[in-house]
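Chemist: here's my sequence, what's the structure:
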Amino acid sequence: MKTRAFAKINLTLEVLGIRPDGYHDLRSVVEPVSLADIIEIEPRRDGRITVETVSGGAVALDALDARPEKNLAWRAADSLRRHAGKPDAGADIFITKNIPLGGGLGGGSADAAAVLNALSVLWGLDLPVQTLAEIGAETGSDVPSLVFGRTVLMKGRGERVSSWPAETPDLPVWHFVLANPGIHSSTPAVFKEADCTSRLTSAGEITDNMRLAFSSGDPRLLAAAMQNDLTVPAQRLYPRIAEAAAALLEAGAMNAVLTGSGSTVAGVVRDAAEGEAVCRKIPGGFRAVCVSSARWCNGQHSGF
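Modeler: Numbers count the residues shown, from 1 in each chain. Predicted coordinates for the structure are as follows:
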C-alpha cells in the first residue's frame with residue numbers, strides 16, 4: 001500500500017495550565033494540510049517491523065534517530081500489533097520525508113497515523129477511527145489528531161480528540177503558505193518559556209471564533225481567529241521564527257501564526273493563486289511552500 005501522511009497546522013493552540021502528570025493541558029483546533037510524507041508499506045507474516053526513511057529532497061535527516069524504537073511509525077505499528085493480539089503481524093515501512101523535522105508540523109506523528117490507518121486495513125483489523133486514535137495516543141501526543149483525516153478539536157495533552165466542528169459536515173478548504181526558518185525548535189524549551197508568562201484561558205471564545213470562520217468559509221475570519229499561545233515564547237527563544245512571521249506578513253499573508261511549538265509559521269491566504277504569489281516573495285533564507293486543507297476519511301486516503 002502506498003499512502004500519504006499529511007502534515008498538520010494548529011489553527012488555534014491554547015495552553016490552559018499544567019496537569020498533575022506534568023504535561024500541559026491544551027486545547028487546539030488542528031488542521032491536516034497537503035504537505036505530506038509518502039509511505040509505502042508491505043505486510044509481513046514473521047512478526048518483524050522494519051522502517052527505512054529517505055529524504056524527499058528538501059528535508060535534512062541528520063537529526064533523525066536511527067533506532068527503530070524511537071521512530072513513531074515503528075512504535076505505532078508495534079502498538080497496533082500488540083493491541084490486536086497478532087504477534088506474527090509485521091511490515092516493511094518505507095518513508096519518503098517531505099515534512100521538515102522539528103517544524104511543528106507533526107511529521108513523525110503524521111507517519112504514525114498513516115501507518116495505523118494503513119495497517120488496520122492490511123492486517124484485516126478494520127478498526128474504527130476512535131480506536132486507532134486511542135492506540136495512537138500511546139505513541140505520541142499529536143498522533144490521535146492526525147488519524148481522523150479532517151479538522152479536529154484536540155484537548156488534554158492530545159489524547160482527547162473529536163471531529164470538529166460537528167455541525168459542519170462540508171468543511172471549507174483553506175489555503176496557507178508555510179515558512180520554515182530552517183531551525184529546530186525545542187518543544188520543552190518553548191513550553192518552559194510559556195510557563196513564565198502563560199495566561200490561563202478558561203473561556204471558549206477562541207474556539208468559538210474559529211467555529212464562526214468555518215461556518216462562513218471566509219479566509220479573513222479564519223486569519224482573525226488563528227491564535228497560538230506559544231508564538232511569543234517561541235519568538236523570544238528563536239528570533240528566526242519572528243523573522244519568518246514578518247516575512248509572511250510583508251509578502252501579503254493575512255496573518256502569520258506559529259504551528260505547534262514551532263519552528264514553522266503558517267500564513268493565511270485567500271486562494272492557491274495568492275499563495276503562489278506570496279511564496280515567490282518570501283526571502284530565500286526560508287523554506288516556503290503553499291498548502292491547502294487535506295480532507296480524507298479514515299482508511300480512505302490510501303493509494304494514489
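
Chemist: mind pulling up the pLDDT for residue 132?
Modeler: pLDDT for residue 132: 96.

Chemist: pull out the buried positions in the one helix or strand it maps to.
Modeler: Taking DSSP states H and E as the definition, residue 132 sits inside helix 129-136. Under the neighbour-count criterion of 16 or more other CB atoms under 10 Å, helix 129-136 has 129, 132-136 buried. For glycine as for every other residue, the C-beta is placed from the backbone atoms N, C-alpha and C.

Chemist: which helix or strand lies directly C-terminal to it?
Modeler: Defined by DSSP H and E, the subsequent element after helix 129-136 is helix 143-147.

Chemist: chain center to the longest strand along the chain, what's the gap?
Modeler: Longest strand in the chain, counting residues (DSSP state E): strand 24-44. With CA atoms, centre = their mean, to the nearest Å as the basis, strand 24-44 stands 5 Å off its chain's centre.

Chemist: what does stretch 265-280 give?
Modeler: 19 Å.

Chemist: how much space between the closest residue to residue 296 other than its chain neighbours and residue 113?
Modeler: The shortest distance from residue 296 to any non-neighbouring residue, by CB to CB, 6 or more residues apart in numbering, is to residue 149 (4.1 Å). Distance, residue 149 to residue 113, by CB to CB, to the nearest Å: 8 Å.

Chemist: now do residue 176
Modeler: Distance, residue 176 to residue 113, using CB to CB: 20 Å.

Chemist: can you check residue 251 too?
Modeler: Applying CB to CB, the value for residue 251 to residue 113 is 31 Å.

Chemist: who has more neighbours out of those two?
Modeler: Applying other CB atoms under 10 Å to residue 251 and residue 113 shows that residue 113 carries more neighbours, namely 32 against 20.

Chemist: low pLDDT regions in this protein?
Modeler: Applying pLDDT under 70 to the chain flags the ranges 63, 167-168, 197-204, 297-304.

Chemist: and the strands in it?
Modeler: 2-18, 24-44, 49-55, 90-97, 152-156, 160-163, 175-180, 227-228, 256-258, 265-269, 287-292.

Chemist: possible to save the ones you listed as CSV with mean neighbour count?
Modeler: Shown next, in CSV, are those (neighbours: other CB atoms under 10 Å):
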stretch, mean neighbour count
strand 2-18, 23
strand 24-44, 21
strand 49-55, 16
strand 90-97, 20
strand 152-156, 20
strand 160-163, 18
strand 175-180, 28
strand 227-228, 22
strand 256-258, 26
strand 265-269, 29
strand 287-292, 20
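
Chemist: what about the closest residue to residue 102 other than its chain neighbours, neighbour count?
Modeler: Excluding the flanking residues, the one nearest residue 102 by CB to CB, 6+ apart is residue 184, at 3.6 Å. Counted with other CB under 10 Å, residues neighbouring residue 184 total 14.

Chemist: likewise for residue 286?
Modeler: By other CB under 10 Å, the residues close to residue 286 number 18.

Chemist: check contacts around it.
Modeler: Contacts here follow CB atoms under 8 Å, 6 or more residues apart in numbering; on that basis residue 286 touches 179-182, 243-244, 247.

Chemist: so can I have TSV of the residues you listed showing distance to residue 92?
Modeler: Formatted as TSV, these follow (distance: CB to CB, whole Å):
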residue	distance to residue 92
179	35
180	30
181	35
182	32
243	41
244	37
247	41
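
Chemist: measure residue 110 to residue 218 for me?
Modeler: Distance from residue 110 to residue 218, counting by CB to CB: 28 Å.
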